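Undergrad: Quick check, what structure comes out for this input:
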Amino acid sequence: MSAKDPKSNGAVAETSSTTTTNGATNPKLVIVESPAKARTLEKFLGDGYKVRASLGHVRDLPERRFGVDIENDFAPTYVVPSKKKAQVALLKREVKQASELYLATDPDREGEAIAWHLLQVTKPKVDVKRVVFHEITRDAVTEAFQHPRGIDYNLVDAQQARRVLDRLVGYKVSPLLWAKVRKGLSAGRVQSVAVRLLVEREREIQAFKPQEYWTIEAELARRTGKKRDQFRANLIERGGEKLEIKNQAEAEAIVQDLQGAEFYVGEVRKREVQRQPAPPFITSTLQQEAGRKLGYSAGRTMAIAQQLYEGLDIGPEGRVGLITYMRTDSTNVAVSAQAEARAFIERHFGTAYVPPQPRVFKTKTKGAQEAHEAIRPTSVERTPESIRQYLEPDQFKLYSLIWRRFVASQMAAAVMDTTSVDILARKSAWEAPYLFRATGSVVKFPGFLAVYQESTDEAEPAEEEGGRRLPELVKDEPLDLLQLLPEQHFTQPPPRYTEASLIKALEEYGIGRPSTYAPTITNITTRGYVQKQGRQLRPTELAMVVNDLLVEHFSDIFNVNFTAQMEEMLDQIARGEEAWVPVLRRFYDPFFRLLQHAEQNIEKVEFKPEPTGEPCPQCGKELVIKLGRFGRFIACSGFPECRYSRSILEKIGVPCPQCGAEIVERKTRRGRTFYGCERYPDCTFALWNRPVAQRCPQCGSLMTRQKGNRVGCTNQECGYSQAFEEAPVQAEVVGG
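TA: Predicted coordinates:
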C-alpha cells in the first residue's frame, strides 16, 4: 500500500481550529524526535507553541512477525512498539488539544517517514504542516515555520521500500542460516555485503606472499658554506635503467661498486605547487576523519554529532544547535555561511587567506541523494575555544574538527615550494652513472593549513605540514658521501579495513546511505562477524563460513553491484520516478527462486572442534577449540557438564624481554587492546603499544609501534625511532 493511498490516512487534514471553553485558542503543537531538539525549538518558538518529542519512531514492523503481505503488494503491517505506547497516548492527547500541528522531524527520508507515521497514530483533525530545517538556529527555524509544506510521499515511499526490502532479506535468509549453520545468525542486504568486503580482503591478505626488496640511500653533504648541509637521496637507476634490488647480495654489490665514486649535483628542478583544501564534511567523511584523528567509532561520532545538531546550552546565548544536520551526502554550503566564513577569515588571518571567489565543491558520492548542506558550524563566529567551557570533552573535540574543516574549506590554497635534485655518482667519466634523487618541500604560504590538514588511512594524522628543506644546491656542485644506507624491505599485503576505510569503500561503491554506515558497522560487530584489533576490522571464522554460503547461493543478491543498483532504485522512488511496489516485485521474484534453491541444496555446516591435546584443569577431559559468536575459543569437550572455557590469545612473534616466553595480544575488561606475557600472572610484563620483532639498533631494547607508521625504543633514555617496515609474521594462537 502506498503512503499516498487515502485508505492509509496519510493525507494532511483540512484546516480547522480548536478553542478552549473560555474562547482562547489552544497552542500550536510541534512534534520532533528528541527531547533535546524539543528544548532548543521551544526557545525559538516562544509562547503559543508546545513542543513535544516522539522519542524516535512511533511505528514499525512487528519484532517477532514477518509483517509484510507479499501477495498484497508487499503491504506492511505497522505496530506501535510496547515501549512507545505511553508516549503515543500522550501525543494523541496533545494533538486533540492543539489548534495546529507542525511535524518538525529530521530533513531526510527517515524523518519524513516518522512524520507520516505520526499522522497515522495521532489522526489529527486540525491543520497539519511539515516544517524542515537543516540547522536549529533562530533564523532557520523562523524561515521553516514561515514556509511549511505537506508530507513528501515520495520520500516516505522510498523509506518504506527500504524497510520492507530489508525485512524481506532478513526474515527470509536469517532462518536459513539458523537451520544450516547456527541459531542466532543474521543476514542483511547491506551488512552482508560489508562482511563480504571484509572477508575478501582477509583472503587477499592470507594469500599474499611477501617479496623481499632493498633500497639504498646516500647521506650526502655540501663541501661549500660555513656548515656542511646534510641531506639524503634515494638510489633510482643506473645508466637510464631503473634499479630493482631484490636481495642483500645485490645491495652489497652496488654498495661495493660505489666505493670511491664521485658524487655531484645533476639537474635541479624547482616549482611552486598549490594545495587545495578538502571540502566540508559529509556524513561519511566526518565518520572517517573522527576515526583517524580522534579514534571515535562511527556510532560514537554520530551520537555526539546528534547532540551538537539538536542543541546545547552555551551560556548567555542559551540553547542553540551548533552544527547543521549531520546525515547528508552533499558538500553544498549556504551563500550566507560562505560570506560569514570569508569575513571571519579576513578578520582573523588577513586578505591573503581569502580566495578570490567563494569555494564551491562538487559532491563526489555515488548516488548522492539527500542534497541539503554539508556539515558545518551554524555560526563560524562560535569558535571552539569560545564555547569550550560549555561542552563535554567529546563534544568539544568533534565540534572543533567540524569547525576547523569548514573554515579551512573556505580559505586560500596553500603554496608549497618543491625541489627535486638529481645526484650522479660514478668513478670515471666513461662509466654509466648511478642516479640518486632527493626531494624537498617547504610551505611558502600556509593558506588553509593554518587551520586544518586532512588525514588519510595510510598515515597518522598530522596537525601541521612543514616538509623537508633541501640545501641550495647548484648543478655540477661536488658533494661528499658520508655513508651509504642499504635497507631491507618486504612488500606488504593490502591493509585490513578500519571503520574509516570500510565506510569509504561503502560510499565509493554506492552501498548504503549517510544514515546506514554507523548501524551497519555496529551490526556486523555485535553479531560476531567482526573483531576489532586496534583500529582494524578482522572477520571472524563465522563470517568466513556465512559469507561463503551466501556468496555461493545468493551471488546475484549479496554483491556490490546489485546492492548499489538497489540504492539507485530507492533514489528513483524518492524522486518520484519509480513506484515502490514494482521495484520490490522485480527484486523479490528472482530472490524467492534463489531462496527455494538454497533451502533444498545447502547442507548443514558442521563445526568440528579442534583438539588441543590439553586436559581440562577442572575435569580432566580434553580441551577443544570451538567457534563462538565472537570467534574461536577454548572449552572443555565435556560441555555442558563442565563449563570451563577461556579465550584464545594471539601470539605476535615477539619474545617477552623479562622471561623469554611469548608476548600475546590481550584485552582489558573495557575492551582496550594491550600486549603482555603469555605466562601472566607469573610474569607481569605488559605494554600498550604493539611490540615488533626488531630490537633497537642503539641499545638493544624492545621496539614498539608508534604513531606516524614508526617504531620506537621502549627505553626512554634512548629515545630511538625510525620508519616502520617489517616482514609479515605468521601469528599463532594460544589459550589464555
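Undergrad: those helices in the stretch 1-150 of the chain, which residues are they?
TA: For the stretch 1-150 of the chain, the helices defined by DSSP state H, counting those that start in this stretch occupy 35-45, 85-96, 109-122, 138-146.
Undergrad: what's the angle between the last one and helix 35-45?
TA: When axes from the mean of the first three to the mean of the last three Cα atoms, to 10 degrees is applied, the directions of helix 138-146 and helix 35-45 differ by 80 degrees.
Undergrad: So which elements touch helix 138-146?
TA: In terms of contact count using 3 or more Cβ pairs under 8 Å, 6 or more residues apart in numbering; DSSP states H and E, helix 138-146 is assigned the packing partners helix 35-45. C-beta here means a position set from N, CA and C on the backbone, and glycine is covered the same way.
Undergrad: Surely Arg189 touches Val164?
TA: No: checked against Cβ atoms under 8 Å, the pair Arg189 and Val164 is beyond contact range at 11.0 Å.
Undergrad: Quickly list what the nearest residue to Leu485 once chain neighbours are set aside is bridged to.
TA: Excluding its sequence neighbours, the residue lying closest to Leu485 (Cβ to Cβ, 6 or more residues apart in numbering) is Glu217, at 4.3 Å. According to DSSP bridges, the partner residues bridging Glu217 are Asn234, Leu485.
Undergrad: OK, contacts around Glu217?
TA: Under the criterion of Cβ atoms under 8 Å, 6 or more residues apart in numbering, the contact list for Glu217 reads Arg232, Ala233, Asn234, Leu235, Leu484, Leu485, Glu487.
Undergrad: How about Pro377?
TA: With contacts taken as Cβ under 8 Å, 6+ apart, Pro377 has the following neighbours: Leu322, Ile323, Tyr399, Ile402, Trp403, Phe406.
Undergrad: Might one say that the second one is in contact with Glu373?
TA: It stands for Ile323. No: if you go by Cβ under 8 Å, Ile323 and Glu373 don't touch, sitting 10.3 Å apart.
Undergrad: Pull up the per-residue confidence for Glu272.
TA: At Glu272 the predicted local distance difference test score is 95.
Undergrad: Val415 is in contact with that one, correct?
TA: Yes: Glu272 is within contact range of Val415, at 6.1 Å (criterion: Cβ under 8 Å).
Undergrad: which of the two has more neighbours?
TA: Val415 (15 against 10; other Cβ atoms under 10 Å).
Undergrad: name the element that one belongs to?
TA: Counting by DSSP states H and E, the secondary-structure element that holds Val415 is strand 414-426.
Undergrad: that older thread, just the helices of the stretch 1-150 of the chain: most buried one?
TA: helix 109-122 (a mean of 23; mean count of other Cβ atoms under 10 Å).
Undergrad: Can you list the helices and strands that it packs against?
TA: helix 85-96, strand 100-103, strand 127-130, helix 153-180.
Undergrad: Ile323 and Glu373: who's more crowded?
TA: Taking Ile323 and Glu373 together and counting by other Cβ under 10 Å, Ile323 has the greater number of neighbours (26 against 19).
Undergrad: Would you mind giving both backbone torsions of that one?
TA: Geometry field for Ile323 lists phi and psi as phi -130, psi 160, criterion degrees, to the nearest 10.
Undergrad: Leaving out chain neighbours, which residue sits closest to it?
TA: Nearest residue to Ile323 in three dimensions, chain neighbours excluded: Leu308, at 4.6 Å (Cβ to Cβ, 6+ apart).
Undergrad: and for Ile323 and Glu373, which residues touch both?
TA: In terms of Cβ under 8 Å, 6+ apart, Ile323 and Glu373 are both contacted by the residues Glu135.
Undergrad: hey, what's in contact with both of Glu272 and Val415?
TA: Between them, Glu272 and Val415 share the contacting residues Lys444, judged by Cβ under 8 Å, 6+ apart.
Undergrad: do you know how far Leu29 is from Ile151?
TA: Between Leu29 and Ile151 the distance is 16 Å, computed by Cβ to Cβ, to the nearest Å.
Undergrad: likewise Val551?
TA: The value you get for Val551 to Ile151, if Cβ to Cβ is used, is 40 Å.
Undergrad: For Gln211, see how far away the residue nearest to Leu485 is.
TA: Applying Cβ to Cβ to Glu217 and Gln211 gives a distance of 20 Å.
Undergrad: can you check Glu143 too?
TA: Using Cβ to Cβ, one obtains 61 Å as the distance from Glu143 to Gln211.
Undergrad: now swap in Glu431 and tell me
TA: Separation of Glu431 from Gln211 (Cβ to Cβ) stands at 30 Å.
Undergrad: correct me, but Ala194 touches Ile524?
TA: Yes: taking contacts as Cβ under 8 Å, Ala194 lies within contact range of Ile524: 5.8 Å.
Undergrad: Between these two, point out the one with more neighbours.
TA: Higher neighbour count among Ala194 and Ile524: Ala194, with 27 against 24, using other Cβ under 10 Å.
Undergrad: contacting residues for the most centrally placed residue in the chain?
TA: By Cα atoms, centre = their mean, the mean C-alpha position of the chain lies nearest to Ala500, the distance being 2.9 Å. In this structure, Ala500 makes contact with Gln287, Gln288, Glu289, Gly291, Arg292, Asp457, Arg535, judged by Cβ under 8 Å, 6+ apart.
Undergrad: Quick check on these: which are buried?
TA: The neighbour-count test (16 or more other Cβ atoms under 10 Å) marks Gln287, Gln288, Glu289, Gly291, Arg292, Arg535 as buried among the contacts of Ala500.
Undergrad: Spatially, what comes nearest to the second one if we skip its sequence neighbours?
TA: With Cβ to Cβ, 6+ apart as the criterion, Gln288 has its nearest non-adjacent residue at 3.9 Å, and that residue is Ala500.
Undergrad: so what's the backbone phi/psi at that neighbour?
TA: Summarising the backbone geometry of Ala500 under the convention degrees, to the nearest 10, its torsions are phi -60, psi -50.
Undergrad: What score does it have for pLDDT?
TA: In the predicted model, Ala500 carries a pLDDT score of 91.
Undergrad: The one 3 residues further on now?
TA: pLDDT, Ile503: 94.
Undergrad: Just the buried positions in the helix or strand harbouring it, please.
TA: Taking DSSP H and E as the definition, Ile503 sits inside helix 499-509. Within helix 499-509, the residues scored as buried using 16+ other Cβ under 10 Å are Glu499, Ala500, Ser501, Leu502, Ile503, Lys504, Ala505, Leu506, Glu507, Tyr509.
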